[in-house]
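**Q** 3D, please:
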Amino acid sequence: MEAVALAEKITGQPMATEYHDANRIGDHIWWVGSTAKFAAHYPAWSYTDDVQAILAEMYETNHKTWVRR
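**A** Numbering: from 1, shown residues only. Sure thing, here's the model as predicted:
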């Protein structure tokens, strides 16, 4: 839901969404909540972009092909 709000902010357009509590086929049953172990193995690594920057880059790269006609 946070990503949807960011996408709406970036595009300036509302998204038509529906929330369903039931899992979908193919949904992940787990996720990574911490990068601490990875960072311990690769100490020179760090984040370079946050979620908003990543979504903005995706939009800027692709928005011309996503235009509804």
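
**Q** could you give the mean pLDDT of stretch 12-21?
**A** Mean per-residue pLDDT for stretch 12-21: 91.

**Q** what lies in contact with that stretch?
**A** In this structure, residues lying in contact with stretch 12-21 by C-beta atoms under 8 Å, 6 or more residues apart in numbering are Met1, Val4, Ala7, Glu8. No exception for glycine: its C-beta is placed from N, CA and C like everyone else's.

**Q** the same query, at a cut-off of 10 Å, please.
**A** Outside stretch 12-21, the residues within contact range by C-beta atoms under 10 Å, 6 or more residues apart in numbering are Met1, Val4, Ala5, Ala7, Glu8, Arg68.

**Q** farthest-separated two in those?
**A** The distance between the two most remote of the contacts of stretch 12-21 (C-beta to C-beta) is 22.9 Å, for Met1 and Arg68.

**Q** ok, back up a step: got TSV for the contacts of stretch 12-21, with pLDDT too?
**A** Putting the contacts of stretch 12-21 into TSV (pLDDT from 0 to 100) gives the following:
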residue	pLDDT
Met1	86
Val4	93
Ala5	95
Ala7	93
Glu8	95
Arg68	68
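
**Q** buried set for the lengthiest helix in the chain?
**A** For the chain, the helix reaching the highest residue count under DSSP state H is reported as helix 51-62. By 16 or more other C-beta atoms under 10 Å, the buried positions in helix 51-62 come out as Leu55, Ala56.

**Q** now His20: how far from Asp27?
**A** For His20, the distance to Asp27 under the criterion C-beta to C-beta, to the nearest Å works out to 11 Å.

**Q** swap in Ile10?
**A** As defined by C-beta to C-beta, Ile10 lies at a distance of 25 Å from Asp27.

**Q** perfect, I'm done here.
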